[in-house]
Structure formats: structure tokens, C-alpha cells
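Participant: The sequence and its predicted three-dimensional model are supplied below.
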Amino acid sequence: MKNVYFNHDGNVDDLVSLLLLLRMPEVNLTGVSVIDADGYLNPAVAASRKIIDIFGKNKNLTVAASNSRAINQFPTAWRLSSFAFNAFPMLNEFGSQPKTQLASKPAHLDLIEKVHNNSEKTTLVMTGPLTDLARALEVDPTITAKIDKLFWMGGTMNNQGNVFEPEKDGTAEWNAYWDALAVKTVFASKIAIQMVGLESTDQVPLNDEFRQHLATNRRYPMVDLIGQGYALVFSYEANSVYYLWDVLTTICSVYQDVVTTKEVQGAVITTGSGEGRTFETPTGRPLTLVTNVDGQRFYKIMDQLMMQM
């Protein structure tokens, strides 16, 4: 069984990832933490605790709230889904106060504690900015010896980003742009990294067919909750498509045969119009980049996990 520590930033795809991790028989979920990025911290933490109440089996699992702050914060409109998700009737049927406990330490210190508390190595799954890991490394660099691998949803290696802010050139991805210095810190470490960039997910869109599939199978409680969650999510840019970035990162952290990868060397820009841009360079650090996805197998695994009763 694989030890997994999950750090996310509270939007719908992050919370769906948590649901799936709780259902994976191969996973020992050792810790969960939330950073104040693509969702608002308080409702995202509360929703995470309620999800664990209903779908979790580890009664000792806690949720840590990050006290990390953005260099560049996500757009407000993108972050509001965390409030709606936390208010879903399924999560509040037995009251709005979760039973799953809030961790006593902030996320970066909780990560250190959970990694050291296990004799075996821990896999990190991070579907938001890398700030909590960067801070953890600054406090205790010895954790690198206890981390098996980092699976990160962030960055892009084709210069086609999703940050369209004034004086920025559009080459950065938001999780990297939120705190590019943290990316630089993590890239400077010896942790093995598998990166799921924006270009990695073309085969796993959130399209009408998949939405209907969720609706048709809503008799399964987890499918019903996920379907409601994705009803909140639509593309923010005209003529664009929302892809299952975070869920792909989560699934391929355990089911590696879902993706094809290649080895690259990468770095990050921390200032100027390209702030947050990740790019390939012969002098960069080794990265495993996801290049292709077996979409049929991906959705099959989702179904197997979601449709457990």
C-alpha cells in the first residue's frame, strides 16, 4: 500500500480528487492539507473534512489549513465554487460541523510531521501551488529522504499558459504563477517530480457526454456529489474547454499506466512578463512530463472508484 499526502487548493477538481483518493484500495492517505489558492481556504477546509466524514475510513485522518499566502492570487470568480461545494446538502445532512479534526499545525508543518511519522516513504500529490512544500523544505530539508515522488498539477512546457493578467505574456500556468519562487525552491530539491501540465490533459475533457454520464449514474452517492460539483464548473474563457487536470494528476499518481511520459529538464521564470513560466532547458532539473493519456482507461478507473457503494 502506498502512503500518500494530499495538498490541494480547494476547487471542485481538487475535492473530486480527495474523494477518489479515499476510495483507492492501494492508498494509505496519511494527511490532507488545503492552501488558499484556487478556492477559498475556510470553505475548502470544511468541505474536505465533511468529505472525509462521509467517505473516509481512516478515523485518524486530519485536514491541515495552510497559512501560506499568494504572490499572485487566483481570480475571485474562479475561487467561489468552494463555497457552493461546502454547502451541498449531501455534505451537511447531519449538521454543518465536521467530525474530522482540523490538524493542529499549518499545512507545511503538518506535511513534515506526516512524512516523518511513517517508516516508509510518502508520495506527495499536489494539485495547487507548491508553496507549502517549498516552506517545508526550508524548515526541514531532510524530508527529501522520506519523499518517494511528487506528482504536481502545474506548469506547462509549451508556452501556452492560462494566466492572462496585465503585463504578463500568457505563457504561465496559474499554480506556478501563484508563487513562482516556490516552484524554483522545489525544482532545486532532489525530489523526483512527475509534472502534469496544461498540455497533458487534452484527452480528459469535462464535456457534455461526461456530465450526462454522471447524471445517469447519480444513484451512486459519490457520483451524485461529483456530478453536482462539476455542475458548478464551466470554462472561464470563451471557446475553451475545462479539463480534469487535478483528477488526472491524482489518478496517475497511483495508476501509472494511464499516462505516457517523457523525461525532460525544466526550469521556471520568477520575474517579469513571463513570471511563472516553466520551460525546457538543457541546464534544468530532471522532470517526468506527462505527454499523453489513455482516456478510456482514465474514465474507467474513475467509474470503478466512484461507483463503489
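Facilitator: Right, received. Where do you want to start? Just so it is clear, the structure is predicted and the values come from calculations on it, not from any experiment.
Participant: ok, residue 21 touching residue 2?
Facilitator: No. With contact defined as Cβ atoms under 8 Å, residue 21 does not reach residue 2; the gap is 10.5 Å. Yep, even glycine has a C-beta here, placed from its N, CA and C like the rest.
Participant: Find residues that contact each of those two.
Facilitator: Both residue 21 and residue 2 are in contact with residue 27, where contact means Cβ atoms under 8 Å, 6 or more residues apart in numbering.
Participant: Name the residue in those two with the higher neighbour count.
Facilitator: Between residue 21 and residue 2, counted using other Cβ atoms under 10 Å, the more crowded position is residue 21 (23 against 17).
Participant: quick one, what contacts the more buried one?
Facilitator: 4, 6, 27, 29, 125, 250.
Participant: I'd like the residues you listed laid out as CSV, including distance to residue 103.
Facilitator: Below are these laid out as CSV (distance: Cβ to Cβ, whole Å):
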residue, distance to residue 103
4, 16
6, 13
27, 19
29, 13
125, 17
250, 20
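Participant: In helices, which of the residues you listed appear?
Facilitator: Mapping the contacts of residue 21 onto helices (DSSP state H) picks out residue 250.
Participant: How about the contacts made by residue 14?
Facilitator: 8, 38, 39, 44, 127, 128, 246.
Participant: try 6 Å this time
Facilitator: The contact partners of residue 14, by Cβ atoms under 6 Å, 6 or more residues apart in numbering, come to 8, 127, 246.
Participant: so where do the helices sit in the stretch 151-300 of the chain?
Facilitator: 174-178, 180-187, 208-216, 221-231, 245-252, 295-306 (DSSP state H, counting those that start in this stretch).
Participant: Can you tell me which of these is packed in deepest?
Facilitator: Among the helices of the stretch 151-300 of the chain, ranked by average contacts under mean count of other Cβ atoms under 10 Å, first place goes to helix 174-178 (a mean of 28).
Participant: and that one, C-alpha only, in CSV?
Facilitator: What follows is helix 174-178, C-alpha atoms only, in CSV (Å, rounded to 0.1, in the frame of the first residue of the first chain):
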residue,chain,number,x,y,z
TRP,A,174,-1.8,29.6,-12.6
ASN,A,175,-0.4,27.1,-10.0
ALA,A,176,3.1,28.1,-11.0
TYR,A,177,2.3,31.8,-11.3
TRP,A,178,0.7,31.9,-7.8
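Participant: Can you tell me the centre-most residue of this structure?
Facilitator: Central residue of the chain (Cα atoms, centre = their mean): residue 127, 1.8 Å from the mean position.
Participant: That residue reaches residue 244, doesn't it?
Facilitator: No. Assessed by Cβ atoms under 6 Å, residue 127 is found out of contact with residue 244, at 10.8 Å.
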